[in-house]
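>>> A predicted structure for the sequence below; I have some questions about it.
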Amino acid sequence: MKQLRDGSMNKEECLKAFTLMCEGMIEKDCNKLEKSMCQSARLIHMTGLVESREEYIKDILNGTLNYYEYQIIDFDIDRARIRLLARVYGGNKTWWNLTMYTSYQDENGLLKIKESKVRLG
């Protein structure tokens with residue numbers, strides 16, 4: 001894990017990985033998504049559905065999950081509050097207020113998302 005001298009994680013590096021994942025979601029960019037998430041990453045949807053990195057990317061690329069815009073409201077290393085404009089699983093396109101509980105891991109010298117749990121609110 002990328003850490004500061006005092007042993008804490010580097011918030012800038014965490015934000016960089018988080019932002020790269022969000023950009024990849026919006027742009028449907030497989031390369032950005034893979035660069036932002038560990039190979040063994042898991043995304044836990046607000047419904048409780050757990051997807052591997054590969055499953056999540058596949059659902060973005062095939063149009064099951066459609067993301068259009070995002071705004072980071074508040075960011076800390078293990079928690080981000082965002083607004084996300086999305087149409088998922090055939091539902092309506094709408095803004096969602098989400099909290100994402102995220103953990104990170106060093107993978108080949110880069111800090112990447114290991115797990116992200118999404119909750120409403």
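Sure thing, it's come through.

>>> Could you list the low-pLDDT ranges of the protein?
Scanning the chain for pLDDT under 70 picks out the ranges 1-9.

>>> can you give me the helices for it?
11-27, 30-36, 53-61 (DSSP state H).

>>> Let me have those in a markdown table, extended by mean neighbour count and distance to L85.
Glycine gets a C-beta too; all of them are placed from N, C-alpha and C. Converted to a markdown table, these look like this (neighbours: other Cβ atoms under 10 Å; distance: least, Cβ to Cβ, whole Å):
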| stretch | mean neighbour count | distance to L85 |
| --- | --- | --- |
| helix 11-27 | 18 | 9 |
| helix 30-36 | 17 | 18 |
| helix 53-61 | 17 | 14 |
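
>>> Any idea which of the ones you listed gets closest to G121?
helix 11-27 (18.1 Å; Cβ to Cβ).

>>> Run the chain-centre distance for that closest one.
Centroid separation between helix 11-27 and its chain, computed with Cα atoms, centre = their mean, to the nearest Å, is 7 Å.

>>> Enumerate every residue touching Q71.
If you count contacts by Cβ atoms under 8 Å, 6 or more residues apart in numbering, Q71 has them with I82, R83.

>>> if you set the cut-off to 6 Å instead, what comes out?
R83 (Cβ atoms under 6 Å, 6 or more residues apart in numbering).

>>> just to revisit the earlier point, out of the helices of the chain, flag the one nearest G91.
Across the helices of the chain, closest to G91 is helix 53-61 (Cβ to Cβ), at 13.6 Å.

>>> Would you state the strands of the protein in chain order?
Secondary structure of the chain (DSSP state E): strands at 37-44, 50-52, 65-76, 79-88, 94-107, 110-120.

>>> All set, thanks.
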